[in-house]
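Novice: show me how the following folds:
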Amino acid sequence: MFNEFRSPDGTFLLGGELPVRRLGYGTAQLTGPGYWGPPGDRQQSLAVLRAAVDRGVTLIDTADNYGPGVAEELVAEALHPYRDDLVIATKGGVVRTSDSAWHIAGRPEDLRAMCESSLRRLRTERIDLYQLHRLDPQVPMAEQLGALDELRQEGKIRYIGLDTLTADQLEQALSLTGIASVQNRFNLLDRSSDAVLKVCEAHGLAFLPWFPLANGALTGEGAEALAGIAERHGATRGQIALAWLLHHSPVLCPTPGTGSPVHLAENLRAGEILLSTDDMSLLEALASA
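Specialist: As a prediction, the model looks like this:
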């Protein structure tokens, strides 16, 4: 855990060498409802992306199935040509056929085609971090990671990441190839992926928690301590939840998403909050509560 007097929102070395600011930005909410279709206000979506980078964000987290294709196109339209310090992470391995239909597709030829399409939409020759959105249970892990490894050797991706897996699966993946990141659900109220986090800490992997704000559950029963801490810091509950992630482990790199400029600024201010030892003790107890 970080020392309580140290600013938690520092940098993380992705792959042990590429620095990113730990508090990043996720693009899912730039699309239509259910991560499907275009945004209601395209110009505002573009403005939020540019504002994130202007405010110091260096890690943009997107996926080919947000839209599908819409979020990646917005990233390119707003930010290309990319700043030298900007890291774009995207995901493949899931096909959308409606706002509620998600299909895992992990055959090597599918992954290659998805990666090539992401390269075109993002207007880049190399994707900094390409994450397998889901492991395909119908395809051997070695074949899925082998396809990504080939793309890395060809210079089309720089680092490989994995999304939603167990600690045992992560250890198996690490025995097959180099992994730079994991993206599992993890937040103040849901720490079911704690074993995965421990593997990430042991191997120096970035952990990009999805639903870092607990998908709206921070106002539920049992969060009175959270409200009290927020009041003492003059912050919102969401800001404290993000600050907790930054304090809880140095490998946690949350990428909260929003389509609102005001909410973006609120989220990024969470990186300035210094939680005390007493604050952390109260917050650590919330999951069991």
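Novice: what residues does the closest residue to residue 240 other than its chain neighbours make contact with?
Specialist: In space, and not counting its chain neighbours, residue 240 is closest to residue 230: 4.8 Å by C-beta to C-beta, 6 or more residues apart in numbering. C-beta coordinates here come from the backbone N, C-alpha and C atoms, glycine included. Each residue near residue 230 by C-beta atoms under 8 Å, 6 or more residues apart in numbering is listed here: 236, 237, 239, 240.
Novice: what's the spacing between the first one and residue 143?
Specialist: This points to residue 236. Residue 236 is 45 Å from residue 143, where distance means C-beta to C-beta, to the nearest Å.
Novice: higher neighbour count, those two?
Specialist: In this view residue 236 and residue 143 are compared by other C-beta atoms under 10 Å, and residue 236 has more residues nearby, 20 against 13.
Novice: what's the residue closest to the geometric middle of this structure?
Specialist: For the chain, the residue nearest the mean C-alpha position is residue 208 (4.0 Å; C-alpha atoms, centre = their mean).
Novice: that residue reaches residue 89, doesn't it?
Specialist: Yes. Under the criterion of C-beta atoms under 8 Å, residue 208 makes contact with residue 89 at 7.5 Å.
Novice: what touches both of those two?
Specialist: Common neighbours of residue 208 and residue 89, counting by C-beta under 8 Å, 6+ apart, are 61, 161, 181.
Novice: could I get the residues you listed as TSV with distance to residue 21?
Specialist: Formatted as TSV, the shared contacts of residue 208 and residue 89 follow (distance: C-beta to C-beta, whole Å):
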residue	distance to residue 21
61	12
161	17
181	15
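Novice: top of those by neighbour count?
Specialist: Ranked by the number of neighbours (other C-beta under 10 Å), the shared contacts of residue 208 and residue 89 place residue 61 first, at 29 neighbours.
Novice: look at that one and report its pLDDT.
Specialist: If you check residue 61, the pLDDT there is 98.
Novice: still on that earlier bit, and the closest residue to the residue nearest to the centre of the chain other than its chain neighbours, how far from residue 287?
Specialist: Nearest residue to residue 208 in three dimensions, chain neighbours excluded: residue 183, at 4.4 Å (C-beta to C-beta, 6+ apart). Computed as C-beta to C-beta, the residue 183 to residue 287 distance reads 20 Å.
Novice: more neighbours, these two?
Specialist: Under the criterion of other C-beta under 10 Å, the comparison of residue 183 against residue 287 puts residue 183 first, with 27 against 14.
Novice: any idea where the strands of the stretch 101-250 of the chain begin and end?
Specialist: Applying DSSP state E, counting those that start in this stretch to the stretch 101-250 of the chain gives strands spanning 101-104, 127-132, 157-163, 181-183, 206-207.
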